Structure formats: C-alpha cells, structure tokens
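Novice: Based on what follows, work out the 3D shape:
(one chain, ligands or ions: 1)
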Amino acid sequence: MDEKKIKIPYNKPFIVGQELYYIAQAVIEGQLAGDGPFTKRCHKWLEDNLGCRKALLTHSCTASLEMAAMLCGIQPEDEVIMPSFTFVSTANAFVLRGAVPVFVDIRPDTLNIDEKLIEQALSPKTRAIVPVHYAGVPCAMDEILEIARKNKLYVIEDAAQSLLSTYKDRFLGTIGHLGCLSFHETKNIISGEGGALLINDDMFCERGEVIREKGTNRSQFFRGEVDKYTWVDIGSSYLPSELVSAFLFAQMEQADKIIRTRNRIFQTYLYLLRPLESEGKLRLPFVGNESSNNGHIFYIIVSSLEQRDGLIKYLNSHGIKAIFHYVPLHSSPAGRKYGRASGEMKQTNSLSDRLVRLPLYYGMKDDEVYLVTEHISNFFKG
Ligand SMILES: *Cc1c(COP(=O)(O)O)cnc(C)c1O
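Specialist: Next up, the predicted model:
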C-alpha cells in the first residue's frame, strides 16, 4: 500500500500548548540531562493528580516494566501471570530476568485478562501478576488483588494505555504495587518516547530511584541523605532527558482537554457505528462508566479473520489506515520459546483475529470520523 495516499492515519503526534516553549526554557536554564526542573514538575503532576506514593519518569513504559521486574526481585525460572493479548514489552521485561511468562486467556467483553482463569495458572514458582488495562478499560482489580494477597504475589499494572482512567475511583497504575505508564507518540499524552513508573508501596521507593540511576545512590546523595555517591545495586539508565520532560510537562498541563477530546471522538464513532451493530455486522468496544474511559483506542470486532483483513485492505484503499491488534504473544516465535499458555486461549485467538483498530488522534475532525464510518458501512454493503 502506498502510504503517501493515506489521508487518515491511525495516529498523529500532536502539540497542544507550551511544548516548544518549555524545551527552549530547558535549553536556556542549561540542564539537558535528566532529573532537572521539568522532570520534577512531571513527577509532582503524576503524584498530585494520580495519587501514587512516588512517580519516576522513565524513557518508556518498557523501561518502567523492566524496573518493576527488578524491584520485585524476579529471578530465573520464576513465573509471571499476564494476558497473551498485549504488547511484547509486558513479557520481555520479565524474560530479561530469566522468568517465564504464563499467558492467561482474556474476557470476551473487556479483552482484559480473565480473572477467573488466574488461579488455575498459578504454581509454586509464580511471583507476580501483570494485569494490562487494554484500551484504558480497567481489569477486575478487586479480584486480582485478592488472588495476589492470598498467594503473596506482586501486582504490576501495565497501565501503558490507561492514563487517567479509573477503577472504582482510583486511577489505573496506582492500584497494584507498581504501575507502568507510556508516553509513546501513539498514547494519549505523549513525549515521542517516554514513560513513568508509579510506586504505590513504600518499600520500593528508595530502590526504585537507585535502579533508575544506574544502580547508584545519586538521588539520595543530592538530597544530602548520604555523604558518598557510589554504586550500591544493579540498575541501568532509565531516566529521560529534560528535553523530553519539558515536552511532556506541557502535555500534562493539557491532559484533561486531550482526554475530553479523545472521548468525544470515541463517542462519535459509537453513535455513527451503532446502526451497523444493530444489524449484527460488527461489535462495538466495551464502554465502562464515563470516568473509566480515557478514549484511548476505538476498535470494532468483525466476524472472521478474512473479513478483518478485507476491511483493513478496503479502508487502506480509501486512504484510511486501520490496523489489527496484536499477534497474541503465546503464538509468537519468542512467546513460544520463553513463555507458556495456561489452558486454551480461545478468546485471545478468536478476538485478536477479528479486531480492527480505527484511526483516533487528538485533532481528528468529525468529518474524518464520519468518512471512516461511511467507508465501513460501504464495505458491509459490499
Ligand atoms: C505501548 C505499550 C507498551 C510499551 O510502551 P513504550 O512506552 O513504547 O515502551 C507496553 N504495554 C502496552 C500494553 C502498551 O500498549
């Protein structure tokens, strides 16, 4: 497909406010490495607005997941429960520590890990559960936390897609021991690449800083808590530059507006596609209550793999980029090598074959949403 002909991409990076001004300010202030004034502002924004114990910016959600695996002391041969219907980083972070991802099937309604199937996937080697809130829709956290408590497991939320979505009045990413956010350009608020680790348990606060700063006690040294700056633990370089934090902070200031705008586009799609759902042509996405929806992904579910591929091709030929989501990890080459599936992955296999993700970005016009839905209708008229 000639990408030049694409008129409606599935994502468009955007600027909403002071991004470039803040970058200039960071340059003028003269600190471009990490943990300067803009990074601190981002930490404070996350702590104040989400209510986590401590927030640490990272260069990606992938980095945050890797830090979480280290913080939980994941060792070779440990097992970690997660859905197969997720992005590769959810699993990779633990495989890098030698652990085995154990894939559990998803619920047909939310496409999130099926909490009723978790207990049968546990073994004496299980150390953690990693719920992924697909499309910003919350997993059944009460049930998951209860299983974790009974079995002494850590809960690490992959909240890459769920900034400012809630579960029972708590922000996603602040409910488990640790939460991982992404600010990749395809997410709701962006800095190109970017992420954050949300620490919700005091026991991880100090070591979180150390792991992020190459295994040194640099942060404590600068606060005057220790008199020598030295190597104290394993770690890596997980902090973003001030240039990235400056861009990100400008987006954080507009976060409510961004999410309101995305939600409006989401609602327009729902309204325009409702008739096709009534005719039984497709299934619309799960919609929770208002506050639990951050308008991150709008997907539809069609009736077969052939129909999905046909629809994606049809939309592409009309200049509209729609995509599928994801190749399930349990059936990927690395997933088969490093992980294992617990039980049949019926819903995962069936739904990932039939899901189409539609264009949705900040600044998308009603006309564009209308055009996408019109082409979908035409496709079904055949
Ligand atoms: C985007 C995403 C990630 C990875 O985020 P990066 O910031 O690109 O590393 C991880 N998990 C899920 C569920 C995601 O959607």
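Novice: Where does Glu157 sit: helix, strand or coil?
Specialist: Three-state assignment for Glu157 (DSSP: H, G, I helix; E, B strand; the rest coil): strand.
Novice: Report the separation between it and Tyr269.
Specialist: 26 Å (Cβ to Cβ, to the nearest Å). Placement of C-beta: from N, CA and C, glycine included.
Novice: If you count surrounding residues, which of those two has more?
Specialist: Taking neighbours as other Cβ atoms under 10 Å, Glu157 and Tyr269 compare with Glu157 leading, 29 against 25.
Novice: Pretty sure that one sits against Gly176.
Specialist: Yes: checked against Cβ atoms under 8 Å, the pair Glu157 and Gly176 is within contact range at 4.4 Å.
Novice: Tell me the residues of the stretch 151-300 of the chain that contact the ligand?
Specialist: Counting by Cβ under 6 Å from any ligand atom, the stretch 151-300 of the chain comes close to the ligand at 158, 160-161, 182, 184, 195.
Novice: what's the domain layout of this protein?
Specialist: In terms of domains, the chain is parsed into 19-253, 255-381 (source: automatic domain parsing).
Novice: can you give me the strands for the stretch 101-250 of the chain?
Specialist: Assigned by DSSP state E, counting those that start in this stretch, the strands in the stretch 101-250 of the chain fall at 126-129, 154-158, 166-167, 170-171, 178-182, 195-199.
Novice: now the ones you listed as JSON lines including mean pLDDT?
Specialist: Shown next, in JSON lines, are the strands of the stretch 101-250 of the chain (pLDDT from 0 to 100):
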{"stretch": "strand 126-129", "mean pLDDT": "98"}
{"stretch": "strand 154-158", "mean pLDDT": "98"}
{"stretch": "strand 166-167", "mean pLDDT": "95"}
{"stretch": "strand 170-171", "mean pLDDT": "96"}
{"stretch": "strand 178-182", "mean pLDDT": "98"}
{"stretch": "strand 195-199", "mean pLDDT": "98"}
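Novice: Let me know which of these is the nearest to Val88.
Specialist: The closest of the strands of the stretch 101-250 of the chain to Val88 is strand 154-158. By Cβ to Cβ, the value is 11.3 Å.
Novice: Can you give me every residue that contacts Leu270?
Specialist: Going by Cβ atoms under 8 Å, 6 or more residues apart in numbering, Leu270 touches 284-285, 287.
Novice: same thing but at 7 Å, please
Specialist: Leu284 (Cβ atoms under 7 Å, 6 or more residues apart in numbering).
Novice: buried residues in the host helix or strand of it?
Specialist: Using DSSP states H and E, Leu270 sits within helix 255-278. For helix 255-278, burial by neighbour count (16 or more other Cβ atoms under 10 Å) applies to 255, 258-259, 261-262, 265-266, 268-269, 272-273, 276.
Novice: Turn the residues you listed into TSV, including pLDDT.
Specialist: Compiled in TSV, these are given as follows (pLDDT from 0 to 100):
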residue	pLDDT
Ala255	97
Ile258	97
Ile259	96
Thr261	96
Arg262	96
Ile265	97
Phe266	96
Thr268	97
Tyr269	98
Leu272	98
Leu273	98
Leu276	97
